[in-house]
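1. Following is a predicted model, sequence given first.
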Amino acid sequence: MIYLDHAATGPVRREVLEAMTPYLTNVFGNPSSHHTVGEAAASALDDARARVARVIGMRAGDVVFTAGGTEANNLAVKGIVLAALARDRRHLVVSPIEHESILESAEYLRRFHGVVVTHVPVDGAGRIAPESLAKVVRDDTALVALGHANNEIGTIQPLSELTAVAHEAGVPVHVDAVQSAGWLALAGSGADAVSIAGHKLGAPKGIGALGVRGRVPLEPLLHGGGQERGRRSGTENVAGAVALATALELAEAERDDLALRVGASTRRFIDRVRALVPEATLTGHPRERLPGTASFTFEGVSGEAVLLELERRGVVSSSGSACAAGSDDPSHVLLACGIAPQVAQTAVRFTFGRDALPDDAPETLATLVADSVRSVRGA
């Protein structure tokens, strides 16, 4: 099997598993307990928090451990906007291509708290122009929430420019970095909140983090024991926090080399698919895209049928976001980019991971794609 769905999830790295094992066995204490067993766990939690903070460019006290990227996005969008309601800021800006955890959090705030939600438009490649953002930010805007890189088409936003626009208007920015962590630098953008998920980096599923700067008011969504400085109650997942910190540090250390190596291989794959399949259209930005993401539409054939044919040939990929799997609706990301619904339903996404592929793999994989499309077209 050739696994090309790393944007959905990846395997746990051996180094990560080894780092977290002590906190699943011997060091099992509750970090809130005031005895030696609990203090050992608390020490590990504090260390993990500081390590995550260094990579994302924040202070240790800014990091809130969560159950994953979806919770981190919910906490950022709902928590920052709910806190801003006290200052009579009832306006939220998102883009139409965000992950469902951003869009549905925005819809919740609209329905139950009267928040006005504006969708800043994207171009055909899924990019937000800074001038477009400047037009929609208002005096009562509580938050701008944007993805660093899109989970379906891989397009990277001009984050520093967008953040500068929002900050000039006095508006904080939340960045969903679930897909970009490990591929792009997270520090230095000036973002006020950043969300990451461990299972995209080589940690287990069920651990994530939200970095939110101390100056940004945040209303907790979970109440109870007051853990995470009162911002996320519940006994902390110490082993998961250690796993996330380890995976994030490893990914950061390898990031430049990985982007070059995987990016070159992915570009060869893209070029070969285009040469072999004339109807293949690359979605997303042609250059400003994640190094390991290649998403195509194959007009005239069923994307789901191509996926099944590829899996029969030993290649596992997807039609887009794993969080939308099973839906018959065309991708909201592709529709926002101006792609017709019937074409959007032909999409297939290939996402490469850190594991090295043979030198001839891009060409071989492209041939398998071409064979699969021809098989479906002739069926």
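-> That came through fine.

2. Could I get the full set of strands for the chain?
-> 2-3, 63-66, 91-94, 116-119, 141-147, 173-176, 193-197, 208-212, 280-282, 293-298, 315-316, 347-351 (DSSP state E).

3. How about residues contacting the second one?
-> What it means is strand 63-66. Residues outside strand 63-66 that contact it (C-beta atoms under 8 Å, 6 or more residues apart in numbering): 45, 48-49, 52-53, 56, 72, 75, 195, 207-212, 228-229, 231-232, 236-237, 240-241, 244. No exception for glycine: its C-beta is placed from N, CA and C like everyone else's.

4. buried subset of those?
-> Among the contacts of strand 63-66, the ones that count as buried by 16 or more other C-beta atoms under 10 Å are 45, 48-49, 52-53, 56, 72, 75, 195, 207-212, 228, 231-232, 236-237, 240-241, 244.

5. if we can go back for a sec, now render the strands of the chain as CSV, adding mean pLDDT and distance to V27.
-> Below are the strands of the chain laid out as CSV (pLDDT from 0 to 100; distance: least, C-beta to C-beta, whole Å):
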stretch, mean pLDDT, distance to V27
strand 2-3, 94, 33
strand 63-66, 98, 16
strand 91-94, 98, 40
strand 116-119, 98, 44
strand 141-147, 98, 36
strand 173-176, 98, 32
strand 193-197, 98, 24
strand 208-212, 98, 20
strand 280-282, 98, 48
strand 293-298, 97, 38
strand 315-316, 96, 36
strand 347-351, 97, 35
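
6. Of all those, which one comes closest to S33?
-> strand 63-66 (17.3 Å; C-beta to C-beta).

7. Adjacent strands (with direction) for that closest one?
-> strand 208-212 (antiparallel) (DSSP bridges).

8. quick one: the partner strand to chain centroid distance?
-> 12 Å (C-alpha atoms, centre = their mean, to the nearest Å).

9. now do stretch 181-190
-> For stretch 181-190, the distance to the chain centre is 12 Å (C-alpha atoms, centre = their mean).

10. Which parts of the protein are helices?
-> 14-20, 36-56, 69-84, 100-113, 130-136, 159-168, 238-276, 303-312, 332-336, 341-344, 361-378 (DSSP state H).

11. winner for burial among the ones you listed?
-> Ranked by mean neighbour count under mean count of other C-beta atoms under 10 Å, the helices of the chain are led by helix 69-84, which reaches a mean of 24.

12. Need the residues that contact it.
-> With C-beta under 8 Å, 6+ apart, helix 69-84 has contacts from 64, 66, 89-90, 92, 94, 99, 101-102, 105-106, 108-109, 113, 115, 142-143, 145, 172, 174, 176, 178, 193, 195-197, 200, 208-210, 212, 216-221, 231-232, 323.

13. That helix - what's its average pLDDT?
-> Helix 69-84 shows a mean pLDDT of 98.

14. Ok, stretch 359-375 next?
-> 94.
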